[in-house]
Structure formats: structure tokens, C-alpha cells
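Colleague: give the three-dimensional model of this entry:
(4 chains)
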Number of protein chains: 2
Amino acid sequence: MGRRNDHTAEALHAMAMAAARRLLAKEGLSGLTVRRIAQEIGYSPGTLYNHFANLDDLVLQVNAETLDQLLARLRGLEQQGSEPLPVLRAMARAYIAEIRAAPQLWSAVFEHRMAKGSELPDWFPGRIARLFEPVEAAIGPLFGPGCEADCRRAARVLWSALHGITSLVLSQKLDLATGLSAEDLADDLVTNYLAGLNRKLTNG
Amino acid sequence: MGRRNDHTAEALHAMAMAAARRLLAKEGLSGLTVRRIAQEIGYSPGTLYNHFANLDDLVLQVNAETLDQLLARLRGLEQQGSEPLPVLRAMARAYIAEIRAAPQLWSAVFEHRMAKGSELPDWFPGRIARLFEPVEAAIGPLFGPGCEADCRRAARVLWSALHGITSLVLSQKLDLATGLSAEDLADDLVTNYLAGLNRKLTNG
DNA sequence: ACCTGAACACCGTTCAAGT
DNA sequence: ACCTGAACACCGTTCAAGT
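Modeller: Residues are numbered from 1 along each chain as shown, chains lettered A, B, ... in the order given. Below you'll find the model as predicted:
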């Protein structure tokens, strides 16, 4: 048939991303296929390969947007106060709130793996790493000068730990005995981990 | 064609599980297919449906074995001492060691999701929940009588948090800046979380 | 330069037909 | 009672052919 020129490359890219996000939200990662995205935007499957490297590429771009939305929210909280504990608690709450607002999109972030032969592209780990920046900034006041390495580690421990809680709650693999919510567990984690850091810093 | 009777039902079940574990270890979850398992054990694909509900069922049974192996190791550590901190540190190390020994099997535990329409079967969450028991036993001494709910929560927070660290390290989504290992992060988590619990219990 | 649609090499699952 | 192999309804990806 040949080119149609109904849409610019940018418009087609955006349409595909929007359709993918819509399918993902409704059907989950296993319901997101090249053929269905193509159908939704009124193009043939092959066309998507003119605009994305492959399905993994498309999913990663959608996931990056999901991560970026949380990042924006965390950056907003970063400036709010200088007390680490309430700021970090708020960041944990924001993370959980984002997940509750779009559980299927976040499941996709957690569940997606590259197809058999391929590696995660270079640009993606950086998008995740950005999330540590606000956390590091918020936890910073607990550490004195010259303790940057400790601060970096603490931010990574705390955020990874929080990720563990949210991902188990999300996948319902955590038996939430009598009235425990993700928020309760996250509060407990942040509170006690920070208390532990404080104690160590005070004693040492 | 008809029945062959080359193997008993039990033998065939075991052969399929072994083949699945072997394929999983070598190729990962995306390389594990009904057709390949069938080929490996010298039966037709349809035969596997006489012995397993479907591929999800088979994967879950393999995953349960992976979980059970860690459980056995944790139970061994449980009896070793009564000081919570060293026991819990050892448990965290054991978890990481199991993952390092069989990263593809553990990836399968973390990555597997049920096919579109189906729910996780009843028996599976219980297999995960068992892992909390040794953790709860180890952390117990920190809590006084009447604080069982706090102890339960702490065990779940700590283990979920540890899971977050190991799963991010495993999927290489954690940028391990200059020489941070999963062991380092886990030690930091356990140490500071327990210190925080202690402080709260001491102060309150 | 871009799009189509058929083709290729796969999937999980089902089931009539055989023994 | 159990196994086979073809069939069904899908996949992601490629690419010659068209405009």
C-alpha cells in the first residue's frame, strides 16, 4: 500500500504510547501486544517497527513515563521541609499512592524483562537511578560532611526496601495479616530505619 | 499411539519438574515452554496436561521447591542462637547466597505471573508465608509479651525490605555505586532496622 | 520514506483418535 | 487410563511489494 501520511512520526509515536498505556492499564503486561496496539491506532503491526525498535522498547518507554511521574512528585516533596523523617515518610506515601492510582502500570514496571537475547538499554537504569536523588537529598541531613558514601548507601537501602514492601503488596504475595496496609509497613520501615541511623550516628 | 507406560505418573511428574528446572536455570522463564519440556522428557506436549493443570501450575511447583530450599536453610539458622541481630544477619546472607547460587530459578520466583484470566492458586501464598516464620522467631526476643502483632509486622517489614534489595540487585536495576554489594545493603538494613526497633522499645 | 500484509518461527492449550 | 499429533488461536518480527 505505501505511506499514508495521516500522522507525523511524532503523532504516531504518541498514539502508540497512549494506546499501549491504555491497554496496559486495562489488560496488564500479558495483554499488551504489538498487534493490539497496531489495531488500536489503525495501523498494521509492521508500522510499529518503523517507530520503535521492538515491543520491549515500547514498554520501556511507557515504564519510563510511569517512573518520571513519581519522580516529579518526589521532587515536589523534597523542597517541602528539611526534617528527614516526615519528608521520607511523605515520599513513601507518594510512592504507594502512585502505585494505588495505577497498579497495572506499576506492575509493568516491576514485571517487565527484556526478551531472551537482549539487554536492558543503557538509558533505562538511569531513569530508575534518578529516583534515588530526592531520597538522598531528603536523608542527607542525617549525615555529616564526608559521609556521602554512607548517605548514598542509606538512600539505596531505604528505597529498595520500600520497593520490596510495595511490590509484595502489589503482587499479593505478602499475607497481610489483620489490617496491615502497605502504608503501615512503609511507615514502620522508614521510622525504624531512620531511628537506627540516628542511633548509630549519635553513638558513633 | 495410546499409553506407553514407560514411566509411572510419579516418575513422569518428577522428570517434568527436573527438566523444567534445568531449562529455567539455563534459559530463564521466557525459555521455559511446554513444548520444550515435553521434548526434553520424550513425551508429546499434550501429555503434560495429564500431569499438570497447565504451564503456570508447573512453574509454581518448581518455584515452591526453590522457596522450600531457602526455608530449610532459614530453619537451620533459627536454632543457632538467640541473639536477634546475628541470626537475622545470617538469614539475610542465606537468602542472598541462595539467590547467587541459582539466580535464574529465583528470577522465576520473582517474575512469574499467572496467565491473564487465572488467579494464584490457594496453596501458593502459604509457601511464601512460611518464610516469615523463622524470621518472626528470630526477631521475637526483641518484643515483650503481648506484642505479637508488632513482631509479626516487623518480621514482614524486614523480610519484604530484604526482598526489595535482593530483587533490585538481581534484576540489575539498582545502580550499585562503587563497590556496594547486596550483602552490604542487607547488613545495613538489618542492623539499622533492628537498632531502630531497639531504640523504640527502650524509649517507650 | 513509510506502510501493508503475508510469511516465518514460534507459543499454550484442546481434543479426537488411537492403544 | 493415558498418549499422540494435529488443530486452533494466538504471538513478535521481518521483509518484499507497493505508493
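Colleague: count the neighbours of the residue in chain A that DNA strand C sits nearest to for me.
Modeller: Going by C-beta to the nearest atom of the strand, DNA strand C is nearest to A:G46 of chain A, at 2.3 Å. Using the backbone N, CA and C atoms, a C-beta is placed for each residue, glycine as well. Neighbourhood size, A:G46 [other C-beta atoms under 10 Å in any protein chain shown]: 9.
Colleague: let me see the contact set for the residue nearest the centre of chain A.
Modeller: Centroid check for chain A by C-alpha atoms, centre = their mean gives A:L67 as the closest residue, at 3.8 Å. Each residue near A:L67 by C-beta atoms under 8 Å, 6 or more residues apart in numbering or on different chains is listed here: A:V109, A:R127, A:I128, A:R130, A:L131.
Colleague: find the nearest non-adjacent residue to A:K116, please.
Modeller: Spatially, and ignoring its direct neighbours in sequence, A:K116 is nearest to B:S30 (5.3 Å; C-beta to C-beta, 6 or more residues apart in numbering or on different chains).
Colleague: which of the residues in stretch A:65-84 are buried?
Modeller: Using 16 or more other C-beta atoms under 10 Å in any protein chain shown as the test for burial, stretch A:65-84 gives A:T66, A:L67, A:L70, A:L71, A:R73, A:L74, A:L77, A:E78, A:P84.
Colleague: quick check, the residue nearest to A:K116 in contact with A:A115.
Modeller: Yes: counting by C-beta atoms under 8 Å, B:S30 touches A:A115, with 6.7 Å between them.
Colleague: looking at these two, which is more packed in?
Modeller: Using other C-beta under 10 Å as the criterion, B:S30 and A:A115 rank with B:S30 on top: 13 against 9.
Colleague: quick one: least confident of the buried residues of stretch A:65-84?
Modeller: Here the lowest pLDDT out of these sits on A:E78, with 87.
Colleague: okay, and the residue nearest to the centre of chain A sits in which element?
Modeller: helix A:55-78 (DSSP states H and E).
Colleague: moving C-terminal from that helix, which element do we reach first?
Modeller: Following helix A:55-78 toward the C-terminus (DSSP H and E): helix A:84-101.
Colleague: may I see the buried residues of that next one?
Modeller: A:84-85, A:87-96, A:98-99.
Colleague: now the residues you listed in CSV, with distance to A:Q172?
Modeller: Output for the buried residues of helix A:84-101, formatted as CSV (distance: C-beta to C-beta, whole Å):
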residue, distance to A:Q172
A:P84, 31
A:L85, 29
A:V87, 29
A:L88, 26
A:R89, 24
A:A90, 26
A:M91, 24
A:A92, 20
A:R93, 20
A:A94, 22
A:Y95, 18
A:I96, 15
A:E98, 18
A:I99, 13
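Colleague: what's the most distant pair in those?
Modeller: Using C-beta to C-beta, the pair of the buried residues of helix A:84-101 lying farthest apart is A:P84 and A:I99, separated by 22.5 Å.
Colleague: for the closest residue to chain B within chain A, give its distance to B:F110.
Modeller: As assessed by C-beta to the nearest C-beta, chain B sits closest to A:G164 within chain A, at 2.2 Å. Distance, A:G164 to B:F110, using C-beta to C-beta, to the nearest Å: 11 Å.
Colleague: comparing these two, which residue is more hemmed in?
Modeller: Neighbours were counted for A:G164 and for B:F110 using other C-beta under 10 Å; A:G164 has more, 26 against 20.
Colleague: not counting residues beside it along the chain, what's closest to that one?
Modeller: In space, A:G164 is closest to B:G164, 2.2 Å off (C-beta to C-beta, 6+ apart).
Colleague: show me what the helix or strand harbouring that neighbour is packed up against.
Modeller: Taking DSSP H and E as the definition, B:G164 sits inside helix B:148-170. The contact analysis (3 or more C-beta pairs under 8 Å, 6 or more residues apart in numbering or on different chains; DSSP states H and E) places helix B:148-170 against helix A:148-170, helix A:182-203, helix B:84-101, helix B:103-111, helix B:132-139, helix B:182-203.
Colleague: what do you get if the cut-off is 6 Å, keeping everything else the same?
Modeller: helix A:148-170, helix A:182-203, helix B:132-139, helix B:182-203 (3 or more C-beta pairs under 6 Å, 6 or more residues apart in numbering or on different chains; DSSP states H and E).
Colleague: list the buried residues in the lowest-mean-pLDDT helix or strand in chain A.
Modeller: Here the helix or strand of chain A ranked lowest by mean pLDDT, DSSP states H and E is helix A:182-203, holding a mean of 90. By neighbour count on 16+ other C-beta under 10 Å, the buried set for helix A:182-203 is A:182-183, A:185-186, A:188-200.
Colleague: stretch A:40-59 too?
Modeller: A:I41, A:Y43, A:T47, A:L48, A:H51, A:F52, A:L55, A:D56, A:D57, A:L58, A:V59.
Colleague: is that stretch up against chain B anywhere?
Modeller: No: Stretch A:40-59 lies out of reach of chain B by C-beta under 6 Å from any C-beta of the partner chain, never closer than 11.3 Å.
Colleague: give me the nearest residue to A:E111, chain neighbours excluded.
Modeller: A:L29 (5.5 Å).
Colleague: scratch that, A:Y43 is what I was asking about
Modeller: With sequence-adjacent residues excluded and distances taken as C-beta to C-beta, 6+ apart, A:Y43 is closest to A:L12, at 7.3 Å.
Colleague: and the helix holding B:G164, how far out from the chain middle?
Modeller: Distance, stretch centre to chain centre, for helix B:148-170: 13 Å (C-alpha atoms, centre = their mean, to the nearest Å).
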